[in-house]
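Asks: next comes the sequence, and after it the predicted model I'd like to discuss.
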Amino acid sequence: MATVLVYIPRLTTRISYAVEQVFAHWGGHTPVITEDRQVYLSATEALKCHYSQESLPGLSLYRSGFLDETGIDQSFKPANAIIDGCFCLFPDQENRQFDLLAMVFWCITRYEEYQPFEPDKHGRYPAASSQLCHWGVLETPICDVVVNQLFGQLGLPIKTSFSITPTIDVDIAYAYAGRGLLRSFGALLKNPGSLSPRLHAISNPGEDPNQSFGYIKDRLSPIPSARVFWHCGMQRNSRDKQVRLAFKPFQQSIRDVGETVPCGLHPSAVAFGDNFAFKQEKNWLETQLGKPVADARMHYILLSFPNTYRQQLQAGVAHDYSMGFPDAIGFRAGTARPFLWYDLAAEQARNLMLHPFCIMEATCKHYLALTPEQAIHKGAQLKNTISKAGGDFCFIFHNESLGTQPSWQGWKTVFEAWLA
C-alpha cells in the first residue's frame, strides 16, 4: 500500500467520493487530500498528483468541472473519445487528456438512470438506453481500464487480481411440489401433460425438476464469495411464483444450503418499493437461517434510483448484487469491481457495497437466444477481459437451470465452464 498526496482546490463531496473509490477501494492505496497549495508544493512525498487546472509538480489529473456541480442535469450526456488507444469520457482532446475521476463517478453512480428514460415492460431501465451500449463498450470494464492506466502513470502497483463469484437466484424452488391444491389444479389445467411428473414430485419433493440444492451446496461451499439468493415472497402473482413458505422441504433446503453457503434475500416484486413487505421477507429468511441477512439481489433486477438502494439500507442490507442488466451482457456501471453506492439525489456516499454481475444464464437463453456452447464462449470472453483488467467475474444462475428441466438441458455444463 502506498500513500498518494492529492492536491484538490475547492474539494467537493463528489470529488472526495471518486478519489476514495479509485485510490483506496480499488487501488488499495491511501490518498491524502489537501486543499492547500503550499502544503502540496512543500511536501516531499514521492507520489503526488493534483486535480486542478494549474501547472504544478506531480501527475496532473484533468478537471473538467463536472464534479464541481451538484444535482442532476436531465439532458446531460458526457462526450467521449479515444485517447492513446483508450476509450474515455469527459475528454480534453486538444491536450489529449480526460477527466478520469468524472468518468468513474458518472459510470458508477448510474447518473443516466436518474434521467428520463423509456422503461421496459417491467418498469426497468433497459440496456439499450445505456450510453455504454450506444458507444459499443458495454462488454468492456472501461473504468477498470483507465484506473489501471492511472496507477501505471503514478508508478503504483496495478491491481489486476481476478476472482470468480457464482451466484444462484432461487425464484421457484420446486416446479411442482410445495403448492396448494387450487394452485396445482390450475397449473394442471394449463398443462395436462404434466400430471405424471407433477404427482411424482408432490410425492417425492427431492426429485422435483427444480430441486438442485444438493448440487448447489456441493459446488458452492468451497467458494467463500458464492451467494444463494432466496425469494421469500408471501404473495403470488405473474412475477412472484415461489412455493408456499410453509412448505417444510423448502424451509429445510434453505437451512441445508445456508449451513455452508452464504445466503441473501431475493426480494419479491411485491417487496419492490414496499418497505413493510421487504422487511417481512428478510425477517422470515433470517428466521430460517438462524442468523442475520446482509446481502440482497432484486428479483427481476428491479432497480429504481435512488429508491431501491435507500430501501435496502433501511432494511439493513449492506451488500447488493443487482448491478447488471437482465437483458444484456456486460458491465452496467463500467466496472467489474465492487464499489460503494453514491446517492446522487442526496449527494452523499452511503454504506452499501454494490457487487456488479456481468452475465446471467437467463439473459443468454431468453434474451440473446444463445446455445449452451455459445454461452460458454461468451463467458470465456468476459473472464479473459476481466482477468486482464482485474475484477470479479460475477455471474447468475438459477436452481431450475441446474435441475432436470428439459428446457435447460445442457446448461449445467455452462455453469461448470463459467465456474472453472
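Replies: Cool, got the structure.
Asks: pLDDT-wise, which helix or strand of the chain ranks last?
Replies: Lowest on mean pLDDT, DSSP states H and E among the helices and strands of the chain sits helix 181-190, with a mean of 56.
Asks: helices and strands around the helix or strand harbouring residue 285, which ones?
Replies: According to DSSP states H and E, residue 285 maps onto helix 275-289. For helix 275-289, the elements it packs on are helix 248-258, strand 263-265, helix 307-315, judged by 3 or more CB pairs under 8 Å, 6 or more residues apart in numbering; DSSP states H and E. Placement of C-beta: from N, CA and C, glycine included.
Asks: the first one versus helix 275-289: what angle between them?
Replies: Looking back up the chat, that one is helix 248-258. Counting by axes from the mean of the first three to the mean of the last three CA atoms, to 10 degrees, helix 248-258 lies at 80 degrees to helix 275-289.
Asks: got the CA coordinates for helix 248-258 in PDB?
Replies: Only the C-alpha atoms of helix 248-258 are listed here, as PDB (Å, rounded to 0.1, in the frame of the first residue of the first chain):
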ATOM      1  CA  LYS A 248     -41.200 -27.900   5.100                       C
ATOM      2  CA  PRO A 249     -38.900 -29.200   2.300                       C
ATOM      3  CA  PHE A 250     -38.400 -25.600   1.100                       C
ATOM      4  CA  GLN A 251     -37.500 -24.400   4.600                       C
ATOM      5  CA  GLN A 252     -35.200 -27.400   5.000                       C
ATOM      6  CA  SER A 253     -33.400 -26.600   1.700                       C
ATOM      7  CA  ILE A 254     -32.800 -23.100   2.900                       C
ATOM      8  CA  ARG A 255     -31.200 -24.300   6.200                       C
ATOM      9  CA  ASP A 256     -29.200 -27.100   4.500                       C
ATOM     10  CA  VAL A 257     -27.700 -24.700   1.900                       C
ATOM     11  CA  GLY A 258     -27.200 -22.000   4.500                       C
END
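Asks: so for it, what's the average pLDDT?
Replies: What helix 248-258 shows for mean pLDDT is 98.
Asks: now that helix: buried residues?
Replies: 249-250, 253-254, 257-258 (16 or more other CB atoms under 10 Å).
Asks: got it, and stretch 43-63?
Replies: 43, 47-52, 58-63.
Asks: isn't residue 249 up against residue 204?
Replies: No. Contact criterion CB atoms under 8 Å: residue 249 and residue 204 do not qualify, at 10.1 Å.
Asks: give me the packing partners of the helix ranked longest in the chain, helices and strands only.
Replies: The longest helix of the chain (DSSP state H) is helix 372-389. With contacts taken as 3+ CB pairs under 8 Å, 6+ apart, helix 372-389 sits against helix 142-154, strand 162-170, strand 359-360, strand 391-398, helix 412-419.
Asks: using CSV, list the CA coordinates for that helix.
Replies: Provided in CSV are the C-alpha atoms of helix 372-389 (Å, rounded to 0.1, in the frame of the first residue of the first chain):
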residue,chain,number,x,y,z
PRO,A,372,-25.0,-23.6,-24.2
GLU,A,373,-21.9,-23.7,-26.4
GLN,A,374,-22.3,-20.0,-27.3
ALA,A,375,-22.9,-19.1,-23.7
ILE,A,376,-19.7,-20.9,-22.6
HIS,A,377,-17.8,-18.9,-25.3
LYS,A,378,-19.3,-15.6,-24.2
GLY,A,379,-18.4,-16.3,-20.5
ALA,A,380,-14.8,-17.2,-21.5
GLN,A,381,-14.5,-13.9,-23.3
LEU,A,382,-15.7,-12.0,-20.3
LYS,A,383,-13.4,-13.9,-18.0
ASN,A,384,-10.5,-13.1,-20.2
THR,A,385,-11.4,-9.4,-20.3
ILE,A,386,-11.7,-9.2,-16.5
SER,A,387,-8.6,-11.2,-15.9
LYS,A,388,-6.6,-8.6,-17.8
ALA,A,389,-8.2,-5.6,-16.2
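Asks: okay then, goodbye and thanks.
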